[in-house]
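In: okay, here's the prediction I keep looking at, along with the sequence it came from:
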Amino acid sequence: MAALKKMILIVEDEEGLREALKLKLEQADYEVLAASTGEEALEILKSRRPDMVSLDILLPGINGLEVLQKIRDDSKLHNLPVIILSVSGSQEKIQQAFSMNVVDYLIKSEHKIDGIITKFKKILGKHS
């Protein structure tokens, strides 16, 4: 029997990046769920349990840190691996994210898509 594909939820309001990540991850044989808002992400998490979440901080509506707080407050999701992928490199946001137990914090401008995918694969390898 084939192993179940690892599932990743990408929460990203920038459509081009969201679609590029989705395509690359699907090519690498991952199942990908995508949300463009924090509200949409929380709706998906009510019914699905991905193996990892890639979360942008600057989102329309509720922001990524609020989504992260809701994940950490949920007894079924609190230990879900979350990686922040954001344009914001402010030390305050980075410290706040790590205080909420994120596995990594990537600043978009410092990483190419392939590098981001490599990081995701490493994290999913550790949390399998």
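Out: Cool, the structure landed.

In: what values do phi and psi take at Met7?
Out: phi -110, psi 130 (degrees, to the nearest 10).

In: where are the low-confidence patches of the chain?
Out: Along the chain, the model assigns pLDDT under 70 to residues 1-3, 126-128.

In: in space, what's closest to the spatially most central residue of it - neighbours in sequence excluded?
Out: The centroid of the chain falls nearest to Ser54 when counting by CA atoms, centre = their mean (1.0 Å). Once flanking residues are discounted, Ser54 sits nearest to Ile10: 4.8 Å by CB to CB, 6 or more residues apart in numbering. The C-beta positions use only the backbone N, C-alpha and C, and glycine is treated the same way.

In: got it, and Leu45?
Out: The shortest distance from Leu45 to any residue that is not its chain neighbour, by CB to CB, 6+ apart, is 6.1 Å, and that residue is Leu77.

In: what about that neighbour, which SS state?
Out: coil (DSSP: H, G, I helix; E, B strand; the rest coil).

In: residue contacts, it?
Out: When contacts are counted by CB atoms under 8 Å, 6 or more residues apart in numbering, Leu77 is found next to 45, 49, 71.

In: and for Ile10?
Out: By CB under 8 Å, 6+ apart, the contact list for Ile10 reads 18, 21-22, 25, 32-35, 53-54.

In: what are the pairing partners of the helix or strand hosting it, and which direction each?
Out: Mapping Ile10 onto the secondary structure by DSSP states H and E places it in strand 7-11. The strands beside strand 7-11 in its sheet (DSSP bridges) come out as strand 31-35 (parallel), strand 52-55 (parallel).

In: can you give me the buried ones in the first one?
Out: It refers to strand 31-35. Of all the residues in strand 31-35, those buried under the rule 16 or more other CB atoms under 10 Å are 32-35.

In: repeat that for stretch 53-63.
Out: Under the neighbour-count criterion of 16+ other CB under 10 Å, stretch 53-63 has 53-57, 59, 63 buried.

In: if we can go back for a sec, other SSEs contacting the very next helix or strand once past the strand holding Ile10?
Out: As assigned by DSSP H and E, the chain's next helix or strand after strand 7-11 is helix 15-27. Counting contacts by 3 or more CB pairs under 8 Å, 6 or more residues apart in numbering; DSSP states H and E, helix 15-27 packs against strand 7-11, strand 31-35, helix 113-126.
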